[in-house]
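Engineer: sequence first, predicted model second:
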Amino acid sequence: MTTRYSGKCLCGQVQISVRGAPRRIGICHCTDCRQESGSAFTFFAVWPAEGFTHSGETAEFQGRRFCSRCGARLFSADEQEAEIKLGILSNAPTPLTPTYELWVKRREHWLSPVEGAEQHEEDRR
(Lines give C-alpha, C1' and ligand atoms only; values in the text may rest on other atoms or scores of the structure.)
Protein backbone atom coordinates (compact mmCIF):
# COMPACT_ATOMS: atom_id res chain seq x y z
CA MET A 1 0.00 0.00 0.00
CA THR A 2 1.29 3.46 -0.94
CA THR A 3 1.52 6.02 1.83
CA ARG A 4 -0.39 9.24 1.20
CA TYR A 5 -0.29 12.53 3.05
CA SER A 6 -2.68 15.39 2.54
CA GLY A 7 -2.91 18.89 3.87
CA LYS A 8 -4.30 22.32 3.35
CA CYS A 9 -3.74 25.96 4.05
CA LEU A 10 -5.28 27.75 7.02
CA CYS A 11 -8.44 28.76 5.13
CA GLY A 12 -8.74 25.45 3.23
CA GLN A 13 -8.65 27.03 -0.23
CA VAL A 14 -5.41 25.22 -1.21
CA GLN A 15 -5.20 21.45 -0.85
CA ILE A 16 -2.07 19.32 -1.33
CA SER A 17 -1.45 15.61 -1.59
CA VAL A 18 1.74 13.56 -1.78
CA ARG A 19 2.15 9.82 -2.17
CA GLY A 20 5.00 7.49 -1.43
CA ALA A 21 7.97 7.93 0.83
CA PRO A 22 9.74 11.29 0.94
CA ARG A 23 13.27 11.46 -0.46
CA ARG A 24 14.44 13.36 2.58
CA ILE A 25 13.07 15.05 5.69
CA GLY A 26 14.73 18.06 7.24
CA ILE A 27 14.72 21.01 9.55
CA CYS A 28 16.29 24.29 8.48
CA HIS A 29 17.40 27.06 10.84
CA CYS A 30 18.61 29.50 8.14
CA THR A 31 17.58 33.13 8.15
CA ASP A 32 15.30 32.74 5.10
CA CYS A 33 13.40 29.81 6.63
CA ARG A 34 13.09 31.61 9.96
CA GLN A 35 11.74 34.75 8.30
CA GLU A 36 9.41 32.82 5.99
CA SER A 37 7.95 30.70 8.79
CA GLY A 38 8.00 33.31 11.54
CA SER A 39 9.45 30.58 13.76
CA ALA A 40 12.84 29.27 14.89
CA PHE A 41 13.02 26.75 12.03
CA THR A 42 11.13 25.11 9.15
CA PHE A 43 10.15 21.40 9.16
CA PHE A 44 9.86 20.05 5.61
CA ALA A 45 10.07 16.95 3.43
CA VAL A 46 10.94 16.50 -0.23
CA TRP A 47 9.04 14.13 -2.53
CA PRO A 48 9.48 13.29 -6.22
CA ALA A 49 7.37 15.74 -8.23
CA GLU A 50 5.29 12.97 -9.80
CA GLY A 51 3.89 12.08 -6.36
CA PHE A 52 2.70 15.63 -5.61
CA THR A 53 -0.58 17.35 -6.52
CA HIS A 54 -2.22 20.55 -5.39
CA SER A 55 -5.39 22.49 -6.07
CA GLY A 56 -6.45 26.03 -5.32
CA GLU A 57 -4.93 29.39 -6.06
CA THR A 58 -1.39 30.00 -4.85
CA ALA A 59 0.92 32.97 -5.09
CA GLU A 60 4.70 32.72 -5.35
CA PHE A 61 7.70 34.54 -3.92
CA GLN A 62 11.22 33.38 -4.81
CA GLY A 63 9.93 29.91 -5.69
CA ARG A 64 7.96 29.51 -2.47
CA ARG A 65 4.21 28.98 -2.83
CA PHE A 66 1.65 30.27 -0.37
CA CYS A 67 -2.13 30.62 -0.29
CA SER A 68 -3.24 33.78 -2.07
CA ARG A 69 -6.12 34.17 0.40
CA CYS A 70 -4.78 33.35 3.90
CA GLY A 71 -1.03 33.61 3.23
CA ALA A 72 -0.14 30.17 4.66
CA ARG A 73 3.28 28.95 3.50
CA LEU A 74 2.80 25.66 1.63
CA PHE A 75 5.41 24.30 -0.76
CA SER A 76 8.07 24.79 -3.41
CA ALA A 77 8.03 22.62 -6.52
CA ASP A 78 9.76 22.15 -9.84
CA GLU A 79 9.80 19.36 -12.45
CA GLN A 80 11.94 17.14 -10.19
CA GLU A 81 10.83 17.63 -6.59
CA ALA A 82 8.23 19.10 -4.28
CA GLU A 83 9.25 20.45 -0.88
CA ILE A 84 6.26 20.46 1.48
CA LYS A 85 6.04 22.42 4.73
CA LEU A 86 5.03 19.59 7.06
CA GLY A 87 3.06 21.85 9.39
CA ILE A 88 0.28 21.95 6.77
CA LEU A 89 -0.38 18.19 6.89
CA SER A 90 -3.83 17.31 8.19
CA ASN A 91 -2.81 14.68 10.71
CA ALA A 92 -0.42 15.80 13.42
CA PRO A 93 1.80 14.53 14.70
CA THR A 94 3.17 12.78 11.63
CA PRO A 95 5.37 9.67 11.64
CA LEU A 96 7.99 11.69 9.71
CA THR A 97 11.27 12.30 11.53
CA PRO A 98 14.01 14.64 10.31
CA THR A 99 17.10 12.87 8.99
CA TYR A 100 19.12 16.08 8.81
CA GLU A 101 19.28 19.65 10.09
CA LEU A 102 20.57 22.59 8.08
CA TRP A 103 22.17 25.82 9.26
CA VAL A 104 22.63 24.52 12.80
CA LYS A 105 24.96 27.44 13.50
CA ARG A 106 21.73 29.50 13.61
CA ARG A 107 19.78 27.02 15.78
CA GLU A 108 18.42 28.59 18.97
CA HIS A 109 20.52 27.68 22.03
CA TRP A 110 17.49 26.16 23.78
CA LEU A 111 16.80 23.68 20.92
CA SER A 112 18.59 20.35 21.08
CA PRO A 113 19.81 18.59 17.94
CA VAL A 114 17.44 15.95 16.56
CA GLU A 115 18.81 12.63 17.77
CA GLY A 116 20.23 10.58 14.90
CA ALA A 117 19.88 13.40 12.33
CA GLU A 118 22.87 14.61 10.32
CA GLN A 119 23.97 18.06 11.45
CA HIS A 120 25.12 20.61 8.84
CA GLU A 121 26.60 23.96 9.88
CA GLU A 122 25.12 25.45 6.70
CA ASP A 123 23.66 23.72 3.60
CA ARG A 124 24.02 20.01 2.81
CA ARG A 125 27.06 19.32 0.68
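Structural biologist: Perfect, I can see it now. Computed from a predicted model, the values in this text were never measured in an experiment. Numbers count the residues shown, from 1 in each chain.

Engineer: centre of the chain to the strand ranked longest in the chain, how far?
Structural biologist: What stands out as the longest strand in the chain, according to DSSP state E, is strand 42-48. How far strand 42-48 lies from its chain's middle: 4 Å, per Cα atoms, centre = their mean, to the nearest Å.

Engineer: residues of it that come out buried?
Structural biologist: Thr42, Phe43, Phe44, Ala45, Val46, Trp47 (16 or more other Cβ atoms under 10 Å). All C-beta spots, glycine's among them, are computed from the backbone N, C-alpha and C.

Engineer: cool, and stretch 82-96?
Structural biologist: Ala82, Glu83, Ile84, Lys85, Leu86, Gly87, Ile88, Leu89, Leu96.

Engineer: between those, which sits nearest His109?
Structural biologist: Gly87 (22.7 Å; Cβ to Cβ).

Engineer: let me know the secondary structure of that closest one.
Structural biologist: helix (DSSP: H, G, I helix; E, B strand; the rest coil).
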